[in-house]
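Undergrad: okay, structure incoming, though there's no sequence with it:
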C-alpha cells in the first residue's frame, strides 16, 4: 500500500460494492420483465438471448462494483494489477459461459425451426459450445499472464494420441456431421434401415442417432452405421406420400361399377379422415387375373408416414360396407377335395371353401390298412 486506508476509503469501497449489488438486482428484475415479453414473440432466439443476459448482466455489475472498490483503495501496483487481472479473467469466463449458452441456444433454435420438431441435432450444439468455451478459457489464461503457446502444443500432441485411442468415437462424430451436412437425414424425419429399424429421428448427437419408433421406444443407432447402411427416408423430398391397398373382386363383377364405387369411397376418406390429403387424386388400377378374383390396387394419399395405418383402417371398413351394399362380392379362394378308400370308386368331388389356404398342400388319400 502507498498509505494506510482511511475510513473514507472503506466507505467509498463499500458504496461501490453495494452499488454493484443493487445494479445486479435491478438488472435481474429488468431482464425478467423482458423475458416475459420475449416469450410472447414467435422467434425463440430472443428468449435465449434474454435468458443468457440474466446471468451475464448481474455478474458484470458485481464485477464492476468490485473493480471500482479496488481502485479507490490505496493498493500497491502489484496488488492492483493482480486484482484487475483476476476481475478481468472472471468477467471473461462469465462472458464466455454466456456466449456459449447464447450461441448454442441459437443453433438449437435454428435447427428446430428448420426441422419443425422440438428435438434438434445436438451435435452442432455441442461442437459450438466446446469451441466457444475453449477460446474463452484460453483468453482468460492469457489475461492472467499464463502463456498458452506451450499449452496449445501439448494439446496438439495429446490430441493425436486421443485421436488414435478414440477412432470409433471420432468416426461416429464425423459421420454425424456428414449426415447433417448432406441433409439426407434431419431430426423429425421418418426413416427405415435395411436392417429393419424404423421410426422418427429424435436427435443426432456426437456419437449416435436416436430414433423413436411407433411403439414410443428409443432405438440408438451409431452414426457410423447409419452412414453406411441402406436407408429409406419417408419424409424427404416431401412429407406427403402415397400408399397402396390391394383389393380383389369376383369375376362376375362389373369392373366399371367397381371402379366408380371404390373411387367414391376413396374421395370420402380423403375428406373425412385426419391425416389424409383432401386434394389427392384417387386412382384404381386393375392388374391381375387371380385364381378366384380380379385383383386391383387402390392408391391413397397420406400426410405423413404414421397416418397410413389410420387411413387404411378406415378405408377398408368403408369399402367393405359399400361393397356389401352394392352387391359386389370379394370371393374367398376355393379348393376341391376328393377322398376315397382303396378298392372303392371315387366319390363325386365336393367343393369346399377354404379361405386363406391357396398354398395348402395337396389332399392325401386315406389308407385302409392303417
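TA: On my side now, so go ahead. Quick caveat: nothing in here was measured; it's all calculated off a predicted structure. Numbers count the residues shown, from 1 in each chain.
Undergrad: any idea how far the helix or strand encompassing residue 89 is from the chain center?
TA: Using DSSP states H and E, residue 89 maps to helix 77-115. Remark: helix 77-115 is offset 29 Å from the chain centroid, using CA atoms, centre = their mean, to the nearest Å.
Undergrad: so which bits of stretch 209-218 are buried?
TA: Neighbour counts over stretch 209-218 (16 or more other CB atoms under 10 Å) mark 209, 210, 211, 212 as buried. (C-beta placed from N, C-alpha, C; glycine too.)
Undergrad: same check, this time on stretch 274-281
TA: Residues of stretch 274-281 classed as buried by neighbour count (16+ other CB under 10 Å): 276, 277, 280.
Undergrad: where do the strands of the protein begin and end?
TA: Here the chain has its strands, by DSSP state E, at 190-193, 198-204, 208-212, 218-222, 231-233, 241-249, 283-289, 294-302, 334-337, 350-353.
Undergrad: among those, which is nearest residue 314?
TA: Residue 314 sits nearest to strand 294-302 of all these, at 10.1 Å, using CB to CB.
Undergrad: nearest residue to residue 59 other than its sequence neighbours?
TA: Nearest in space to residue 59, with sequence neighbours left out and distances taken as CB to CB, 6 or more residues apart in numbering, is residue 94 at 4.8 Å.
Undergrad: what sits against that neighbour?
TA: 55, 56, 59, 60, 63 (CB atoms under 8 Å, 6 or more residues apart in numbering).
Undergrad: mark which of the residues you listed are buried, thanks.
TA: 56, 59, 60, 63.
Undergrad: for the closest residue to the first one other than its chain neighbours, what are its contacts?
TA: The one in question is residue 56. Once flanking residues are discounted, residue 56 sits nearest to residue 98: 4.0 Å by CB to CB, 6+ apart. Counting by CB under 8 Å, 6+ apart, residue 98 touches 52, 53, 55, 56.
Undergrad: wait, the last one touches residue 96, no?
TA: No. Here residue 56 lies out of contact with residue 96, judged by CB atoms under 8 Å, at a distance of 10.0 Å.
Undergrad: show me where this protein has helices.
TA: In the chain, the segments counted as helices under DSSP state H are 7-38, 45-72, 77-115, 122-143, 149-165, 167-182, 223-228, 255-272, 307-326.
Undergrad: who's in contact with the last one?
TA: Contacting residues not belonging to helix 307-326 are listed as 241, 243, 245, 247, 249, 257, 261-262, 264-266, 268-269, 272-276, 298, 300, 302, 329-330 [CB under 8 Å, 6+ apart].
Undergrad: buried ones in that helix?
TA: 307, 308, 311, 312, 314, 315, 318, 319, 323.
Undergrad: can you list the weak-confidence ranges in the stretch 251-370 of the chain?
TA: Residue ranges of the stretch 251-370 of the chain with pLDDT under 70: 342-370.
Undergrad: what do you get if the cut-off is 90, keeping everything else the same?
TA: Low-confidence segments of the stretch 251-370 of the chain (pLDDT under 90): 252, 271-283, 290-293, 301, 303-308, 327-370.
Undergrad: which members of the buried residues of stretch 209-218 define the maximum pairwise distance?
TA: Largest pairwise distance in the buried residues of stretch 209-218, by CB to CB, is 11.0 Å, between 209 and 212.
Undergrad: residue 312 and residue 302: what is the separation?
TA: Per CB to CB, to the nearest Å, residue 312 is found 9 Å from residue 302.
Undergrad: what do those two both touch?
TA: Residues touching both residue 312 and residue 302 (CB under 8 Å, 6+ apart): residue 243.
Undergrad: ok so, going back, and of the buried residues of stretch 209-218, the nearest to residue 288?
TA: Of the buried residues of stretch 209-218, the one sitting nearest to residue 288 (CB to CB) turns out to be residue 211, at 36.1 Å.
Undergrad: burial measure for residue 140, as a count.
TA: Using other CB atoms under 10 Å, residue 140 has 21 neighbouring residues.
Undergrad: typed the wrong thing, it's residue 136
TA: If you count neighbours by other CB under 10 Å, residue 136 ends up with 19.
Undergrad: look at the closest residue in space to it that isn't next to it in sequence and report its pLDDT.
TA: What sits nearest to residue 136 in space, not counting adjacent residues and going by CB to CB, 6+ apart, is residue 96, at 2.5 Å. For residue 96, the model assigns a pLDDT of 80.
Undergrad: so who does residue 96 touch?
TA: Residues in contact with residue 96, defined by CB under 8 Å, 6+ apart, are 132, 133, 135, 136, 137, 139, 140.
Undergrad: which of those residues count as buried?
TA: Listed as buried from those are 132, 133, 136, 137, 139, 140; burial here means 16+ other CB under 10 Å.
Undergrad: surely the second one is in contact with residue 93?
TA: It stands for residue 133. No. In terms of CB under 8 Å, residue 133 does not count as a neighbour of residue 93; the distance is 9.4 Å.
Undergrad: one step back: distance of the residue nearest to residue 56 from residue 143?
TA: 17 Å.
Undergrad: is it possible to export the helices of the chain to JSON lines including distance to residue 205?
TA: Formatted as JSON lines, the helices of the chain follow (distance: least, CB to CB, whole Å):
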{"stretch": "helix 7-38", "distance to residue 205": "28"}
{"stretch": "helix 45-72", "distance to residue 205": "20"}
{"stretch": "helix 77-115", "distance to residue 205": "12"}
{"stretch": "helix 122-143", "distance to residue 205": "5"}
{"stretch": "helix 149-165", "distance to residue 205": "19"}
{"stretch": "helix 167-182", "distance to residue 205": "7"}
{"stretch": "helix 223-228", "distance to residue 205": "8"}
{"stretch": "helix 255-272", "distance to residue 205": "39"}
{"stretch": "helix 307-326", "distance to residue 205": "28"}
